[in-house]
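Visitor: I would like to see how this sequence folds:
(one chain, ligands or ions: 1)
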Amino acid sequence: MLEWKPDYETGVPAVDTQHKVLFNNINRLEKLLDKDEIERAEADYLLDFLKQYVAQHFQFEETCMARYQCPAHPKNKEQHAQLQNALAHFNQDYATFGPLKELLQRLHATMVWWINSHILKVDSQLKGCVPSKVFVELSPEPDWSALANHMISGKLVAGGAGGAGTALGGCRIAGA
Ligand SMILES: [Fe+2]
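Guide: Sure thing, here's the model as predicted:
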């Protein structure tokens, strides 16, 4: 099972929260794979989650990287496109073959690889680019609320006094 550790932090609480949502669902996939029989409804849910997640989280994170002029921004966008492409292939195979254990095992392995190669090596570079008094929140919130329901605990928007910031394409800067 994946466990959160400080090395995964990006310096942006909202991005970290989104990553924790991903960890939670990859662990759900691992639990599903431990069973003798794959539950179709659970597999459907997890595939649907990943589809929504890549569309919404990647866009948010890329906005943050651009906002803070993170040098990892081009690499981040490139790798996001690669994972989106890989997930599109998984979705095609899933639609054709259904919840085959081998297919879901490959999906799980891909996502664990993603955590360790992408979040740890690319996303974490955001940390050095974010000013210390900054907080970031998602906008618009309704698009994210479905994913927020899948969190283990905590609130989606973390940090900051709220209300005093300036909206900047999804990233909000306290006092800026
Ligand atoms: Fe990323």
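Visitor: Near the ion, which residues of this structure are found?
Guide: Proximity of the chain to the ion (CB under 5 Å from the ion) is limited to residues 61, 76, 123. (Glycine included, C-beta is placed from N, CA and C.)
Visitor: out of those, which is most surrounded?
Guide: If you count neighbours using other CB atoms under 10 Å, the busiest of the residues of the chain next to the ion is residue 61, which has 28 neighbours.
Visitor: Just the pLDDT at the most far-flung residue of the chain relative to its centre, thanks.
Guide: Note on the chain: the largest C-alpha distance from the chain mean falls to residue 36, namely 28.3 Å (CA atoms, centre = their mean). Listed pLDDT for residue 36 reads 91.
Visitor: So which residue is dead centre in this structure?
Guide: residue 19 (4.3 Å).
Visitor: Point out the other helices and strands that the helix ranked longest in the chain packs with.
Guide: The residue-count maximum for a helix in the chain (DSSP state H) belongs to helix 40-67. Using 3 or more CB pairs under 8 Å, 6 or more residues apart in numbering; DSSP states H and E as the contact test, the elements touching helix 40-67 are helix 13-34, helix 73-97, helix 101-114, helix 141-148, strand 171-173.
Visitor: Name the stretch among the ones you listed that sits most buried.
Guide: strand 171-173 (a mean of 23; mean count of other CB atoms under 10 Å).
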